[in-house]
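Colleague: Here is my input; please provide its structure:
(2 chains)
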Amino acid sequence: MNKLNKDTSEAASIPDGSAQADLEKMDHAQDLRLVGLAQEGDTTAYDQLIIRHRERIYAMIRNMVKNDADAWDLSQEVFIRAWHALPRFEARSRFSTWLFRISHNAVYDWIRKRKHDNAGEFHDEIFERESISLSAKTAPSFSEAPDEALSNHELRIKIEQSLAKLSPEHREVVLLKDVQGLSYKEIADIMSCTLGTVMSRLFYARQKLQTLLKNDYESR
Amino acid sequence: MNPDETHIALWLDDELSGDELAEIDAWAVKHPEQLRKREDLRRFRSQIANVIPASEPLPFAEFFMARIQQGIMAQEPSRSRIAWKTWLMPVAACAAVIFAFSLGRGTLAFEKNQAISPATNLYIPEEGVSATWVAGSKSKPGILVLEGVRAIPDSTNFSETVYVPSARESDQTAIHQPINPEKTEQ
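Modeller: Predicted coordinates:
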C-alpha cells in the first residue's frame, strides 16, 4: 500500500502567509503525489520527480565537489539511491530535503574516498574556530562589502573560490541555507546534527566567508 | 525578558513567524544593533543567492535519465524491469491468452490454413484491439495479427527489452577458422 496515503498531514511544515509559501505547498503536494505513484512502481512518475529536482541537486553537488563531471555522476548516483530507498520514504520531510540528505551522504562518501588519494585537500586550513574573535559580530556584515567594485560574474568567482576554501561542513551549511534557502531544522535533518550545531557552523562559515572576501578585496 | 540565543538566531535568519516573531520584533525595537545585524544578514544572503544559482541546467539531460534507468536496472533487475516494461504487459497478456486459445484449436487450424474470426475464437483483454490468427501449414508458420495495439512510446529503451546476444555467443571466429588440411586428411 502507498505509505503516503496514511499520513500526508504529517508532512514537513511549510510556513504560511505568502505567495511563495503557497507555491511551495503546491510543489510539495505535487511531489507527494508523484512519490506515491513511484512507490507503487510507476517509473514515469519517478522520471517526473527526477526532472523536477535534478537541477537543484546538480547545482548543490557541483558547488560541493567543484567538478562538473563528478557532480554529474554523483547526481545520477543520488537518484539511483533514492529509487532504492523510496519504499522507506514516509514524507516526514519534503521530498527535496530527503534528496539533499541522500546527496549529503553521496558527497561525503566521495570526499572520504578522495581523502584516501589526496589527504588534506579538504581540510579547512585557513581558519580554525578559535581564530575567530570572540567579539566578532553574530552575523557577517556586508555593509562595507567589496561587491560594489565587482561585477556579478567576478563576484560569483570570488565567492566560489572563497567557498572552496571552507571545510565541506561549512561550505555545505552556507549552500543549504543561503543558496538553497532551507530552514535550520531541514539542514539539521540533512546533516544529521543538532539545531545548535547548524547554527554554530553557519555562524563560523559566514564569518570565514566574509573575511576571505574582504582579504581578497584588500589584496587587489 | 531577553529571548534566548536560538530564538535570536532564528529571528536574524527570518525563520520565526506568529507570536514568536512578534515577541522578538518588540524586543528588537530596543536593540537597534540587532536590527542592523538582521539587515546585514539579509543583504549577505541576498548577495550569495544572487550570484550562486540554486539550480543549474544539467548537461546531457537525456543521457542522464538513461544512465539512471540503467543504474537502477543493474542493481535491482526484477523490480525495475517489470516496472519499465509496463507498456508491454497488456500486449504480452493478450498474446499469451491468444496463444493459449490457439493451442487448443491450433492443430485443426494449422491443417486448414485459414483465418479464424476473433469474435468467436480469440479472447482479447485490451479494448480496441482485434486479432486474427492465420494458421500455417507444415511449410509455413502461423501468423497472429494484432490490430489497434497502442504505439510504443518513443522513450522506450529497446536495448532493455530485447535479447542482445553477448559477444561470446555471436563470436564467429570458430566458423572462419581455417581448417588444417593436414589434420582433415589424417
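Colleague: Which parts of chain A are helices?
Modeller: Assigned by DSSP state H, the helices in chain A fall at A:19-39, A:43-65, A:68-85, A:95-117, A:152-164, A:168-174, A:184-191, A:195-218.
Colleague: Give me whichever of the ones you listed is most buried.
Modeller: The highest mean neighbour count among the helices of chain A belongs to helix A:168-174 (a mean of 23), with neighbours defined as mean count of other C-beta atoms under 10 Å in any protein chain shown. Where you see a C-beta, it was placed from the backbone N, CA and C, and this is true even at glycine.
Colleague: Please name the nearest non-neighbouring residue to residue B:52.
Modeller: Take residue B:52 and drop its neighbours on the chain: the residue closest to it by C-beta to C-beta, 6 or more residues apart in numbering or on different chains is residue A:179, 4.9 Å away.
Colleague: so what's the nearest residue to residue A:98 once chain neighbours are set aside up against?
Modeller: Distances taken as C-beta to C-beta, 6+ apart put residue A:89 closest to residue A:98, at 6.0 Å, once the chain neighbours are dropped. By C-beta atoms under 8 Å, 6 or more residues apart in numbering or on different chains, the contact set of residue A:89 is A:3, A:35, A:39, A:95, A:98.
Colleague: Quick one: the residues you listed as CSV, columns for distance to residue A:153 too.
Modeller: Formatted as CSV, the contacts of residue A:89 follow (distance: C-beta to C-beta, whole Å):
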residue, distance to residue A:153
A:3, 46
A:35, 38
A:39, 43
A:95, 33
A:98, 33
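Colleague: where does chain B dip in pLDDT?
Modeller: In the predicted model of chain B, residues B:77-121, B:137-138, B:140, B:156-186 satisfy pLDDT under 70.
Colleague: And the helices in it?
Modeller: For chain B, the helices defined by DSSP H cover B:5-12, B:18-29, B:32-51, B:61-75, B:77-84, B:89-112, B:118-121, B:173-176, B:181-185.
Colleague: how many neighbours does residue B:50 have?
Modeller: When counting by other C-beta atoms under 10 Å in any protein chain shown, one arrives at 13 neighbours for residue B:50.
Colleague: hang on, isn't it packed against residue A:152?
Modeller: Yes. Assessed by C-beta atoms under 8 Å, residue B:50 is found in contact with residue A:152 at 6.9 Å.
Colleague: where's the nearest residue to residue A:100 once chain neighbours are set aside relative to chain B, distance?
Modeller: When the adjacent residues along the chain are set aside, residue A:100 lies closest to residue A:190, with 4.9 Å between them (C-beta to C-beta, 6+ apart). Between residue A:190 and chain B the distance is 15 Å, computed by C-beta to the nearest C-beta, to the nearest Å.
Colleague: what residues are up against residue B:75?
Modeller: Residue B:75 makes contacts with A:80, A:84, as judged by C-beta under 8 Å, 6+ apart.
Colleague: cool, and residue B:16?
Modeller: Shown here is residue B:16, whose contacts under the criterion C-beta under 8 Å, 6+ apart are B:7, B:10, B:24.
Colleague: you'd agree the second one is up against residue A:184?
Modeller: Yes. Between residue B:10 and residue A:184 there is a contact under C-beta under 8 Å: 6.7 Å.
Colleague: Give me the neighbour count for residue B:132.
Modeller: The number of residues near residue B:132, taken as other C-beta under 10 Å, comes to 16.
Colleague: burial count for residue B:151?
Modeller: What residue B:151 shows, counting by other C-beta under 10 Å, is a neighbour count of 7.
Colleague: quick one, phi/psi of it?
Modeller: Backbone dihedrals for residue B:151, given as degrees, to the nearest 10, come out at phi -60, psi 150.
Colleague: With residue A:67 instead?
Modeller: For residue A:67, the backbone dihedrals (degrees, to the nearest 10) come out as phi -150, psi 120.
Colleague: how near is it to chain B?
Modeller: As for residue A:67, its distance to chain B is 13 Å (criterion: C-beta to the nearest C-beta).
Colleague: and that residue, what is it in contact with?
Modeller: So residue A:67 contacts nothing (C-beta under 8 Å, 6+ apart).
Colleague: so where is chain A shaky, pLDDT-wise?
Modeller: With pLDDT under 70 as the threshold, chain A has low-confidence stretches at A:1-17, A:118-150, A:216-220.
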